[in-house]
Structures are given as C-alpha cells and as structure tokens.
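Colleague: what follows is a predicted protein model with its sequence.
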Amino acid sequence: MKRFVWNGILLIASATVCGGAAAATATATMTNTVTISNNCSISTLGFTTTYDPIVTNATTNQDITASVTTTCTIGASPVITLGQGANANTGSTDAVPLRRLTSGGGTPAFLNYGLFSDTGRTVTWGNTVATAPVAVTATGSATPITIYARVPSGQSVKAATYIDTVVATVTF
C-alpha cells in the first residue's frame, strides 16, 4: 500500500483483486389460488294488463305472463320462490298464497290473482321450495323463466289501477 501526502491530505490507494466467482441463484414455487363461491342475481318483470269485469272478463279469465331472470354461478342449484304479495288475503300462506291487487286509497278495493309455474295455470308458485318450479340450471348466463299469471273472471270491482308487489327470492 502506498501513502501520499498532498497538501496535507493523506491518500491511501489500494488495489483489490477479485476472483472470478459465479453468481448464485435460488428458486421457489408460487401457488396462486382463486376461490369462486356460488352466487346469483335476480331481476323481475311484472305484468301489466287491463281487466273488464262487465264484458270481456265477466266470464273469461285474464291470462298474462310476467318473468323472473336469474344469473347464477355454474354449479349453483338455484330455487326461485315468490312471496305472498303485499296485499295477501286472509288465510294466505307461503305454501298457498292468496294474492290480491289493491286500488289503494281510503277505501281500497281488491282484485284476486294468481301466479303459476305452468302454462295451464294449475300449479301455484309459492314461497316454499315445494311450490317453486323445478330447479333452474345455472349456466353463468341470464336465465329467464316465465311466470304465468291469471286474474280470475267474474270479479266486480270499481274502476281504478290495482297494484301489488311480490318479492322474488333466489336461494342457491
């Protein structure tokens, strides 16, 4: 090692010789995981119709349709139930809903109707697994299902707009 003094500053010079050592490496495996849980979304489209208690619907039922659409994860087992409605009649149950539309107001009038899972309108669609239609196939895409509705003939009610709200639930 050589020492130089230059204007009062001491400089130390040294030389280091590096050997030709190779760089080392290490590896590890990374595991990535994604968990997909069953999930569903649900939307509804109710019915809108007219009812003529004097002529057309005096003896003929008013048959219409509504729909419920679910989008469920592939592999889910969705079951769709329909509540009794906001104006259910006395004696209504989840298994045997007695649904009514109401005119609202101070002295409301009621109009009976039913929601069914079959085109013949013989199988009431209720709010239990036993009254729900056959299980929906979960495809990961929107699956529309028709709700068959009927306003029975022969109901004598005042002229008004009648409304009811029914909660549709998908259980998966």
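Modeller: Looks like it arrived, so ask away.
Colleague: pLDDT weak spots in the protein?
Modeller: 1-20 (pLDDT under 70).
Colleague: quick one: the strands in it?
Modeller: Ranges of strands in the chain, per DSSP state E, are 2-6, 9-13, 40-45, 62-72, 79-82, 99-102, 110-116, 142-151, 168-171.
Colleague: next, the buried residues of stretch 63-73.
Modeller: 64, 66, 68, 69, 70, 71, 72 (16 or more other CB atoms under 10 Å). (Glycine included, C-beta is placed from N, CA and C.)
Colleague: need the contact list for the third one.
Modeller: The reference is to residue 68. Contact analysis of residue 68 by CB atoms under 8 Å, 6 or more residues apart in numbering lists 42, 43, 44, 45, 80, 82, 144, 145, 147, 168.
Colleague: rewinding a little: could the strands of the chain go into a markdown table alongside distance to residue 51?
Modeller: Shown next, in a markdown table, are the strands of the chain (distance: least, CB to CB, whole Å):
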| stretch | distance to residue 51 |
| --- | --- |
| strand 2-6 | 111 |
| strand 9-13 | 106 |
| strand 40-45 | 19 |
| strand 62-72 | 5 |
| strand 79-82 | 21 |
| strand 99-102 | 9 |
| strand 110-116 | 7 |
| strand 142-151 | 5 |
| strand 168-171 | 23 |
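Colleague: ok, which of those comes nearest residue 128?
Modeller: strand 79-82 (6.5 Å; CB to CB).
Colleague: quick one: strands adjacent to the closest one?
Modeller: Sheet pairing of strand 79-82 (DSSP bridges) gives strand 168-171 (antiparallel).
Colleague: CA atoms of the partner strand as CSV?
Modeller: Extracted C-alpha coordinates of strand 168-171, given in CSV (Å, rounded to 0.1, in the frame of the first residue of the first chain):
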residue,chain,number,x,y,z
ALA,A,168,-89.0,-12.9,-5.7
THR,A,169,-86.2,-14.8,-4.0
VAL,A,170,-83.4,-17.0,-5.4
THR,A,171,-81.9,-19.4,-2.9
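Colleague: what comes into contact with that strand?
Modeller: Strand 168-171 is contacted by residues 40-42, 44, 68, 70, 72, 78-83, 127, 129 when judged by CB under 8 Å, 6+ apart.
Colleague: mind listing what residue 69 touches?
Modeller: For residue 69, the contact set (CB under 8 Å, 6+ apart) comprises 42, 43, 44, 45, 142, 143, 144, 145.
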